[in-house]
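J.: one predicted model, sequence on top.
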Amino acid sequence: MNPISYARHQFPPSIIQHVVWLYLRFNLSLRDVEDLMAERDVDVSYETVRRWVARFGPAYAKRLRVKRPRADDRWHLDEMFVSIGGRRMYLWRAVDAEGEVLDILVQPRRDKRAALKLLRSLLKKQGIVPASITSDKLRSYGAAFRDLGLQRLHVSGGRLNNRAENSHQPVRRRERSWIGFKNPGTTQRFLSAHAAVYNTFNLQRHLIPRHQMKIHRAAALAQWHLVAGVA
């Protein structure tokens, strides 16, 4: 994989990667990031922050996904309503049994075609047939599984899909802080990059002893600096 080029940028790579990390890692607005950098005597406008995130965010995310270990083979699917530019859209999400985000798609419908698109994208990206795929009782899932001949893997009902439903919470927090999303394409690109960063820094704190947190956090930061090409 070719290294990321920072040519023809006024600021050094260390500043660029830190700005992109702040925006993708924390629930901040563009202007919040501008203020945080100003406190460090770095004069960067919120429009520059937006351009950097659009330019480098997907590239960082792609490299993070390549370096992630293989996900658990028990998958969970769910969809939620989002308003994007005043239009009703649906955010389709796939996570594994550990909460790792596997795929995320913004789509205008909640039908079989949309479920098929998610499943095909998921199977292609993961490159394996899972042990099980859990969803809610939306009939679109059942129809999509039958079309793909995977109905034997499908599990639904009760609270079995809480893992996927809970995974929507970071997006809901971002949606509220932004007062809604504005554009489907921009939303898709941001959420894809956000998911890769979330996977890297979601350390399952309730499962890690306090004295080990420093080691895990340092490893996550080292991974980020590695993909950004910054020592």
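T.: The structure has been received and is ready for your questions. Since the model is a prediction, treat every value here as computed from it, not as a measurement. Numbering: from 1, shown residues only.

J.: so is the residue of the chain most remote from its centre in a helix, a strand, or just coil?
T.: Using C-alpha atoms, centre = their mean, the residue of the chain lying farthest from its centre is Asp41. It sits 30.5 Å away. For Asp41, the assignment made with DSSP: H, G, I helix; E, B strand; the rest coil gives coil.

J.: list the buried residues for the longest helix along the chain?
T.: With secondary structure taken from DSSP state H, the chain has its longest helix at helix 46-67. By neighbour count, with 16 or more other C-beta atoms under 10 Å as the criterion, the buried positions of helix 46-67 are 46, 48-49, 52-53, 56-57, 59-61, 63-65. For the C-beta atoms, the positions are set from N, CA and C on the backbone; glycine is no exception.

J.: Serialize these to JSON lines and add fields for pLDDT and distance to Trp75.
T.: Below are the buried residues of helix 46-67 laid out as JSON lines (pLDDT from 0 to 100; distance: C-beta to C-beta, whole Å):
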{"residue": "Tyr46", "pLDDT": "96", "distance to Trp75": "37"}
{"residue": "Thr48", "pLDDT": "97", "distance to Trp75": "38"}
{"residue": "Val49", "pLDDT": "97", "distance to Trp75": "34"}
{"residue": "Trp52", "pLDDT": "97", "distance to Trp75": "33"}
{"residue": "Val53", "pLDDT": "96", "distance to Trp75": "29"}
{"residue": "Phe56", "pLDDT": "96", "distance to Trp75": "29"}
{"residue": "Gly57", "pLDDT": "95", "distance to Trp75": "25"}
{"residue": "Ala59", "pLDDT": "95", "distance to Trp75": "26"}
{"residue": "Tyr60", "pLDDT": "96", "distance to Trp75": "25"}
{"residue": "Ala61", "pLDDT": "95", "distance to Trp75": "20"}
{"residue": "Arg63", "pLDDT": "94", "distance to Trp75": "23"}
{"residue": "Leu64", "pLDDT": "94", "distance to Trp75": "20"}
{"residue": "Arg65", "pLDDT": "93", "distance to Trp75": "16"}
